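Participant: Provided below for reference: sequence and predicted model.
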Amino acid sequence: MQMAQAAGLRGRILVTVGLLILVRLGVHLPVPGIDRVAFAQNVQNSPLIGFLDLFSGGGLSALGIFALGILPYINASIIVQLLTAALPSLEDLQKNEGEAGRRKISQITRYVSLGWAILQSIGIAIWVSPFAQSPAPLFIAETALALTAGSMFVMWISEVVTERGIGNGASLLIFINIVSVLPRSLGQTFELAQSGDTQVVGRVVVLLLVFLVTIVGIVFVQEGTRRIPIISARRQVGRKVYRESRSYLPLRLNQGGVMPIIFASSVLIVPSFLAQSLNNPFLVQVANVLSPNGPAPWAYALFYLTLILFFSYFYASLIVNPVDMSQNLKKMGASIPGIRPGQKTSDYVEKVLNRLTFLGAIFLGLVAIVPTAVESAIGVQTFRGFGATSLLILVGVAIETAKQIQTYVISQRYEGMVK
């Protein structure tokens, strides 16, 4: 009831749900001019297509106009944010130009998304050209144009959801795509359990228990915080003296939320996508090595863990600036007990933040890798090795969206108190 009555919340939820349904409809609008039967037989048992379908919601195997989905925008965001950390001009736009600077960076990200979408669209068009029913050059041009336009439309929808809906648009689009694919994997798992073989049933039960523990671990990581105590000095305003007050500075165990997992998974897709599109022997070998079901699962696990660690630190550096935090505390007349204001405070916050980020990233990596290793060990491959990644994104996005909804509900309560 409170959620329905919150100011503007009902409208935001309706906008979000409507746009997500529109994206799901677009996924199943097929690109014309393809022999569907031959194409479906070719990709039926491809582990790469199964992985890419996880993020496109089945759009790639169906080859719909939204087959690329939000992936070009995610990859472009990675590129722009890395450049922001490396180029002083972009860093100045982000930190010192305020809202105008952020709008410029968003515009740059859109242009990079367009270029990335064109490259990926051409790669997919060349890959499926053997199944074309029209001349290859014309088919490649038409298919690349349709896929690029679809990707740009999905990017626009994600921005509308972020501005006028609930939650982060890009995260919600990946969330809904995963939700649309997971029931099929769950159905295959339950069919396997109903085979009557006691050993198979036991393996399925073990896998489901591992996933349950994984969900608990994800919630623990997403909600874990370190509270640094803060003391505000006694001050006098006119004749009134304000006593010394105590509060705390909350630092999250995982500052980046679900984005390090999404970015790491997106980077993992790139070698496989290029190998499938270009059919280059070297890229095919690299993609096989970086596959969870490949000849070297440890290489996949190490690379995935490294990516999660990197993006966790990267996002933590973007979200929390110890120097700015130290200056703000000094301006407010607050300090950390036993730590001198200024440089000492910023060094202390940075040290605590680095430790928290490391612990959070390692825990996230283990949560992402262990279920995949269990799947390989017990021989139940109905989730195709990506169930843990799905759960990480699903639970993380659900927690962040629920918090935003709770914020709207609380704001409605305060508005009622003021009135």
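Facilitator: Sure, I can see it. Residues are numbered from 1 along each chain as shown.

Participant: any idea how far residue 334 is from the closest residue to residue 155 other than its chain neighbours?
Facilitator: Excluding the flanking residues, the one nearest residue 155 by C-beta to C-beta, 6 or more residues apart in numbering is residue 73, at 4.5 Å. The C-beta positions use only the backbone N, C-alpha and C, and glycine is treated the same way. For residue 73, the distance to residue 334 (C-beta to C-beta, to the nearest Å) stands at 39 Å.

Participant: one step back: for the residue nearest to residue 155, give me its contacts.
Facilitator: 109, 113, 151, 154-155, 158, 170 (C-beta atoms under 8 Å, 6 or more residues apart in numbering).

Participant: Would you indicate which residues of the helix or strand where it lies are buried?
Facilitator: Here residue 73 sits within helix 71-86, counting by DSSP states H and E. The neighbour-count check on helix 71-86 (16 or more other C-beta atoms under 10 Å) flags 71-78, 80-81, 84 as buried.

Participant: Identify, from the residues you listed, the entry nearest to residue 17.
Facilitator: residue 73 (20.6 Å; C-beta to C-beta).

Participant: Quick check: the closest one vs residue 398, distance?
Facilitator: 21 Å.

Participant: Then residue 161?
Facilitator: Taking C-beta to C-beta as the measure, residue 161 falls 15 Å from residue 398.

Participant: Show me which of these two is the more surrounded one.
Facilitator: Under the neighbour definition other C-beta atoms under 10 Å, residue 161 and residue 398 were set side by side, and residue 161 has more, 25 against 18.

Participant: Skip the chain neighbours and tell me the closest residue to the more buried one.
Facilitator: Nearest non-adjacent residue to residue 161, counting by C-beta to C-beta, 6+ apart: residue 169, 3.4 Å away.

Participant: What pLDDT does the model give that neighbour?
Facilitator: Looking at residue 169, its pLDDT is 86.

Participant: That one against residue 156, yeah?
Facilitator: No: Residue 169 sits out of contact with residue 156 when judged by C-beta atoms under 8 Å, with a separation of 9.4 Å.

Participant: that older thread, can I get the helix holding residue 73 as PDB, trimmed to CA atoms?
Facilitator: Presented in PDB, the C-alpha positions along helix 71-86 are these (Å, rounded to 0.1, in the frame of the first residue of the first chain):
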ATOM      1  CA  LEU A  71      26.200  -5.100 -24.300                       C
ATOM      2  CA  PRO A  72      27.600  -2.400 -26.700                       C
ATOM      3  CA  TYR A  73      26.700   0.200 -24.100                       C
ATOM      4  CA  ILE A  74      28.200  -1.800 -21.200                       C
ATOM      5  CA  ASN A  75      31.400  -2.300 -23.200                       C
ATOM      6  CA  ALA A  76      31.500   1.400 -24.100                       C
ATOM      7  CA  SER A  77      31.000   2.400 -20.500                       C
ATOM      8  CA  ILE A  78      34.000   0.200 -19.600                       C
ATOM      9  CA  ILE A  79      36.200   1.900 -22.200                       C
ATOM     10  CA  VAL A  80      35.100   5.500 -21.300                       C
ATOM     11  CA  GLN A  81      35.600   4.900 -17.600                       C
ATOM     12  CA  LEU A  82      39.000   3.500 -18.100                       C
ATOM     13  CA  LEU A  83      39.900   6.500 -20.300                       C
ATOM     14  CA  THR A  84      38.500   8.800 -17.700                       C
ATOM     15  CA  ALA A  85      41.000   7.400 -15.200                       C
ATOM     16  CA  ALA A  86      43.800   7.700 -17.700                       C
END
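
Participant: So which elements touch whichever helix or strand comes after it?
Facilitator: Once helix 71-86 ends, the next helix or strand along the chain (criterion: DSSP H and E) is helix 88-96. Counting contacts by 3 or more C-beta pairs under 8 Å, 6 or more residues apart in numbering; DSSP states H and E, helix 88-96 is packed against helix 71-86, helix 98-128.

Participant: Lowest mean pLDDT across those, which one is that?
Facilitator: Note on these: helix 71-86 shows the lowest mean pLDDT, a mean of 82.

Participant: chain center to that one: distance?
Facilitator: 13 Å (C-alpha atoms, centre = their mean, to the nearest Å).

Participant: now it and helix 88-96, what's the angle there?
Facilitator: 90 degrees (axes from the mean of the first three to the mean of the last three C-alpha atoms, to 10 degrees).

Participant: sorry, back to before: of the buried residues of helix 71-86, closest to residue 329?
Facilitator: Set against residue 329, the nearest of the buried residues of helix 71-86 by C-beta to C-beta is residue 84 (25.7 Å).
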